[in-house]
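[1] no sequence for this one, just the structure:
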């Protein structure tokens with residue numbers, strides 16, 4: 001999912017994949033999904049037209065819900081992760 005947009009993931013997922021088509025890295029903060037990494041993860045910048053990619057491993061299976069977060073490269077965005 002695009003780091004500045006968010007998206008939907010299956011409830012019970014153990015990982016979430018983010019992409020970043022922007023020229024700068026994007027740090028994700030404020031996500032309250034149980035099992036989210038304690039240190040804010042950073043999705044790498046795009047390189048040569050290829051979006052950066054980061055797979056975040058959750059320490060526990062994500063329960064159903066809607067989880068907003070903030071992202072450094074898109075301060076005016078309001079992305080959410082929906083676990084359904």
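    Happy to help now that I have it. Not measured: the values here are computed from a predicted model.
[2] And for the strand or helix carrying residue 8, what's in contact with it?
    In the assignment (DSSP states H and E), residue 8 maps to strand 6-9. Outside of strand 6-9, the residues within contact range by CB atoms under 8 Å, 6 or more residues apart in numbering are 1, 16, 62, 69, 79-84. Just so you know, the C-beta spots here come from the backbone N, C-alpha and C atoms, and that holds for glycine as well.
[3] okay, and for this protein, where does confidence drop off?
    For the chain, no stretch has pLDDT under 70.
[4] now with 90?
    Scanning the chain for pLDDT under 90 picks out 62.
[5] Could I get the contacting residues of the residue in the chain sticking out farthest from the centre?
    Using CA atoms, centre = their mean, the residue of the chain lying farthest from its centre is residue 48. It sits 21.7 Å away. For residue 48, the contact set (CB under 8 Å, 6+ apart) is empty.
[6] Among the contacts of strand 6-9, name the buried ones.
    Those of the contacts of strand 6-9 that meet the buried threshold are 16, 62, 69, 79, 81, 83, by 16 or more other CB atoms under 10 Å.
[7] For residue 82, see how far away the second one is.
    Just to be clear, that refers to residue 62. 10 Å (CB to CB, to the nearest Å).
[8] related to what we said a few turns ago, ok, now how distant is the residue farthest from the centre of the chain from residue 23?
    11 Å.
[9] Distance of residue 58 relative to residue 46?
    25 Å.
[10] Repeat that for residue 76.
    Residue 76 is 20 Å from residue 46, by CB to CB.
[11] Looking only at neighbour counts, state which of those two leads.
    residue 46 (17 against 5; other CB atoms under 10 Å).
[12] Wait, that one touches residue 22, no?
    Yes. Counting by CB atoms under 8 Å, residue 46 does reach residue 22; the two are 6.2 Å apart.
[13] Does residue 22 touch residue 44 like I think?
    No. The pair residue 22 / residue 44 is not scored as a contact, 10.1 Å apart, by CB under 8 Å.
[14] Those two: who's more crowded?
    residue 22 (18 against 15).
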